[in-house]
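**Q** Structure for this input, please:
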Amino acid sequence: MNHSISLTVNGARRDFVLDDPRVTLLDLLRERLHLTGTKKGCDRGQCGACTILVDGKRINSCLALAISHDGADILTIEGVARGDQLHPVQAAFIAHDGFQCGFCTPGQIMSAIGMMQEAQAGNDPERIRECMSGNLCRCGAYAGIVDAVLEAQAGMDESNQRRSA
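**A** So this is what the prediction gives:
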């Protein structure tokens, strides 16, 4: 039996017919939309390489059934930059060497953006480490990742202050 769902992926509405209700968001993104920035790491929700934002909240897409998110707004790493303008978190990751091999980087960036949107980051490195603990980096780029999040958060705080002034 086929199931029809609609998702807004990176700002574009997409309609899908699923022939299997067990299709995960990760597989849908990678195999049907060819959005391969979201990585398939452990496929068990333990590494965070598949982190995306669904309705503004961080999830492990390898554990999320696509059919359960009918109507959702999905943001992947491919939808974060605006043309040639990097998202502030992406720019901060580059500035602070928040990556080495790059495999975990998309999930780390999506988790950082989600954490900031959830107002979880603040300016406490320990809090950031805790909030990012579901995203593993085998290369050990954690110091650069925390520094990148701190810089992006500070920039976001400054922007918010200017808007409210």
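**Q** any idea which element residue 92 lies in?
**A** Counting by DSSP states H and E, the element that carries residue 92 is helix 88-95.
**Q** Nearest residue to the middle of the protein?
**A** Averaging the C-alpha coordinates of the chain gives a centre point, and the residue nearest to it by CA atoms, centre = their mean is residue 110 (2.2 Å).
**Q** in which helix or strand would I find that residue?
**A** Secondary-structure element containing residue 110, defined by DSSP H and E: helix 105-117.
**Q** ok now that helix, how far from the chain's centre?
**A** For helix 105-117, the distance between its averaged C-alpha position and the chain's averaged C-alpha position is 5 Å (CA atoms, centre = their mean, to the nearest Å).
**Q** Which neighbouring elements make contact with the helix or strand just after that helix?
**A** Later in the chain than helix 105-117, the nearest helix or strand by DSSP H and E is helix 125-131. The contact analysis (3 or more CB pairs under 8 Å, 6 or more residues apart in numbering; DSSP states H and E) places helix 125-131 against helix 105-117, helix 142-164. All C-beta atoms are positioned from the backbone trio N, CA, C, and that covers glycine.
**Q** could you dump the ones you listed to JSON lines with mean pLDDT and distance to residue 97?
**A** Formatted as JSON lines, the entries for these read as follows, by pLDDT from 0 to 100; distance: least, CB to CB, whole Å:
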{"stretch": "helix 105-117", "mean pLDDT": "94", "distance to residue 97": "11"}
{"stretch": "helix 142-164", "mean pLDDT": "81", "distance to residue 97": "4"}
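**Q** Would you mind finding the most buried of those helices?
**A** Per-stretch averages of neighbours, counted by mean count of other CB atoms under 10 Å, single out helix 105-117 among these, with a mean of 25.
**Q** Compute the inter-axis angle for that one and helix 88-95.
**A** Using axes from the mean of the first three to the mean of the last three CA atoms, to 10 degrees, the inter-axis angle of helix 105-117 relative to helix 88-95 is 130 degrees.
**Q** ok, back up a step: wait, what's in contact with the residue nearest to the centre of the chain?
**A** Residues near residue 110 by CB atoms under 8 Å, 6 or more residues apart in numbering: 38, 51-53, 58, 75-77, 80.
**Q** residues in contact with residue 58?
**A** Listed by CB under 8 Å, 6+ apart, the contact partners of residue 58 are 51-52, 110-111, 114-115, 118.
**Q** quick one: low-confidence ranges for the chain?
**A** Scanning the chain for pLDDT under 70 picks out 157-165.
**Q** what's the first-to-last distance across stretch 1-21?
**A** Using CA to CA, to the nearest Å, the span of stretch 1-21 from its first residue to its last is 9 Å.
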